[in-house]
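K.L.:
build me a model from this:
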Amino acid sequence: MGLCFKVLGSLSAVVLVSGMPVLFPAESGVGVVQAQTTEEQKAEADRLYEQGLQQYNAENYYAALQSFQQASNIYEAISDGQGTIATGIYFGYTLIELGETERAINIFQTLLEVAQENNLSELEEIAEQGLQAARNQNNSTQTSEQNPQLAEAERLNQQVEQLYQAGKYEEAIPLAERALEIRQQVLGEEHPSVATSLNNLAGLYSSQGRYTEAEPLYQQALEMRKRLLGEEHPHVASSLNNLAFLYRSQGRYTEAEPLYQQALEMRQRLLGEEHPDVATSLNNLAELYSFQGRYTEAELLYQQALEMTKRLL
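P.N.:
Residues are numbered from 1 along each chain as shown. This is a model prediction of the structure:
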């Protein structure tokens, strides 16, 4: 799936698409913001789109879906083909994450038709990949609403998050292990939610200093995300960052550095130069350089991270 994120920042040619169809109809209660000018409407749509990206990257998929829906309604109202397509791509992948594969298939099918009609080869490749991903999961993906076991896993994950925030790692671990077990049984060994559970459990082990147990889980989550989501995906960048942090915690600085650099560069490509996750990656790399005594390099990155954070607040 990750190929789609490579070209979201270079969709300027799509502005010229004419007769752009409605990718998904407006839902009740999700309207178009009536700003005074087209520029104001576009600014609001861009804000909602960026909000959706942040929610998607945080795996808050239901909230992301609503943000993308609202953004798309505005983009379509002002005939912004670029915004409509970019939002539609993420909307489709968010639906896949939520198990709503039939809707995702419809989105990517529409995008594929637009690409073919307008000779947009990059978009065609994205749409075909998304369509295949949705079809592959169509028969196997289940949602928590459809399966009580998955609902139980989701409930356990919420408890794990609360215990983690409270620093109660020992109590959280058996719940995280059970959530992983349920997801593997219901969804199979290869599924984005299984990768997330592996990542969460690794994080708990790492917080306790159980690095030899955490490392293989982080590695499994990273490789699974690459297979399922593609080499270029925000979740892959997060996995690279997490594994780098583990190595840094063990003093394995030479192993941590290339992973931190990969995570930073990937986030810059996928999310843009100005994004909270990019600031986090700059800070992480700076911290690593500081531990290595590379203070001049660290200071520059710390300053970049600080200034970016101020701008984004």
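K.L.:
tell me who's in contact with the nearest residue to residue 80 once chain neighbours are set aside.
P.N.:
The shortest distance from residue 80 to any non-neighbouring residue, by Cβ to Cβ, 6 or more residues apart in numbering, is to residue 42 (6.3 Å). Quick note: C-beta positions are derived from backbone N, CA and C, even for glycine. Residue 42 sits next to 74-75, 78, 80, 83 when contact means Cβ atoms under 8 Å, 6 or more residues apart in numbering.
K.L.:
would you turn those residues into TSV with neighbour count and pLDDT?
P.N.:
Formatted as TSV, those follow (neighbours: other Cβ atoms under 10 Å; pLDDT from 0 to 100):
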residue	neighbour count	pLDDT
74	27	90
75	27	87
78	16	88
80	23	84
83	24	82
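K.L.:
export these to TSV and tack on secondary structure and distance to residue 195?
P.N.:
Shown next, in TSV, are the contacts of residue 42 (DSSP: H, G, I helix; E, B strand; the rest coil; distance: Cβ to Cβ, whole Å):
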residue	secondary structure	distance to residue 195
74	helix	33
75	helix	31
78	coil	37
80	coil	34
83	helix	30
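K.L.:
and residue 171, what does it touch?
P.N.:
By Cβ under 8 Å, 6+ apart, residue 171 lies in contact with residue 163.
K.L.:
which other helices and strands contact the helix or strand encompassing residue 135?
P.N.:
Per DSSP states H and E: residue 135 is located in helix 121-138. Packing partners of helix 121-138 (3 or more Cβ pairs under 8 Å, 6 or more residues apart in numbering; DSSP states H and E): helix 81-97, helix 101-117.
K.L.:
for residue 173, find the nearest of those.
P.N.:
For residue 173, the closest of the helices and strands packed on helix 121-138 is helix 81-97, at 25.1 Å, according to Cβ to Cβ.
K.L.:
that closest one relative to helix 101-117, how many degrees between them?
P.N.:
Counting by axes from the mean of the first three to the mean of the last three Cα atoms, to 10 degrees, helix 81-97 lies at 150 degrees to helix 101-117.
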